[in-house]
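Asker: here is the input, now give the coordinates:
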Amino acid sequence: MKNILLAIAVSICFLSNAQTFTLKSNELGGQATKKQAYNSFGCTGENISPQLYWENPPIGTKSFAVSIYDENAPTGSGWWHWLIFDLDKEVRELKSGAGDIKKQGAPLNSIQSKNDLGLYGYQGPCPGEGEPYHKYTVTVNALKVAKLGLDSNATPAITGYYLQQNLIEKASLVFYMKR
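Answerer: Below is the predicted model:
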């Protein structure tokens, strides 16, 4: 009986200390900076995608996808700022600027599809002048497939559908911007 109770106690301690799938950034805080902000539509940012890293992916992960979504965009359907997928299961970080297609800083064989502006790669935040704060959700998706089977011309809606169909687990962080 003592051995059973000891095993239960050890299991409870282990489970309570288990690490969860977590997304972090050494650059992002609670507010977007000029570095992440877009450089058009009245914004004068640098349009550099943030550094991101994740820990403790779930068992069975075969690839990752990362997105940035603005639920407060006045479109009726939000705004997708970045979709990058087919990230190898060994990848644990996107370096600052990885979303710039021209600089080719994204991990090998990953795909950056169109954002809602119709451009490939990262488009930084740029809420309308005088609008309330916009909430930007950065999400890393752990997927059960190595490849989504999409190319860079996939729309955000189609990419989102494939992500949901192949999702094991996801982790997010949030930042805000107002101008």
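
Asker: and the helices in this protein?
Answerer: Using DSSP state H, the helices of the chain run over residues 2-17, 156-165.

Asker: mean pLDDT lowest for which of the ones you listed?
Answerer: Comparing mean pLDDT across these, the lowest value falls on helix 2-17: a mean of 51.

Asker: list the contacts for Tyr120?
Answerer: Listed by CB atoms under 8 Å, 6 or more residues apart in numbering, the contact partners of Tyr120 are 101, 112-114, 152. Using the backbone N, CA and C atoms, a C-beta is placed for each residue, glycine as well.

Asker: try it again with 6 Å
Answerer: Taking CB atoms under 6 Å, 6 or more residues apart in numbering as the definition of contact, the neighbours of Tyr120 are 101, 112, 114, 152.

Asker: this protein: strands as residue ranges?
Answerer: Using DSSP state E, the strands found in the chain span residues 22-24, 52-55, 63-70, 79-88, 93-94, 111-112, 134-143, 167-177.

Asker: can I get these in JSON lines with mean pLDDT and distance to Tyr38?
Answerer: Below are the strands of the chain laid out as JSON lines (pLDDT from 0 to 100; distance: least, CB to CB, whole Å):
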{"stretch": "strand 22-24", "mean pLDDT": "98", "distance to Tyr38": "22"}
{"stretch": "strand 52-55", "mean pLDDT": "98", "distance to Tyr38": "18"}
{"stretch": "strand 63-70", "mean pLDDT": "98", "distance to Tyr38": "11"}
{"stretch": "strand 79-88", "mean pLDDT": "98", "distance to Tyr38": "8"}
{"stretch": "strand 93-94", "mean pLDDT": "98", "distance to Tyr38": "18"}
{"stretch": "strand 111-112", "mean pLDDT": "98", "distance to Tyr38": "16"}
{"stretch": "strand 134-143", "mean pLDDT": "98", "distance to Tyr38": "12"}
{"stretch": "strand 167-177", "mean pLDDT": "98", "distance to Tyr38": "10"}
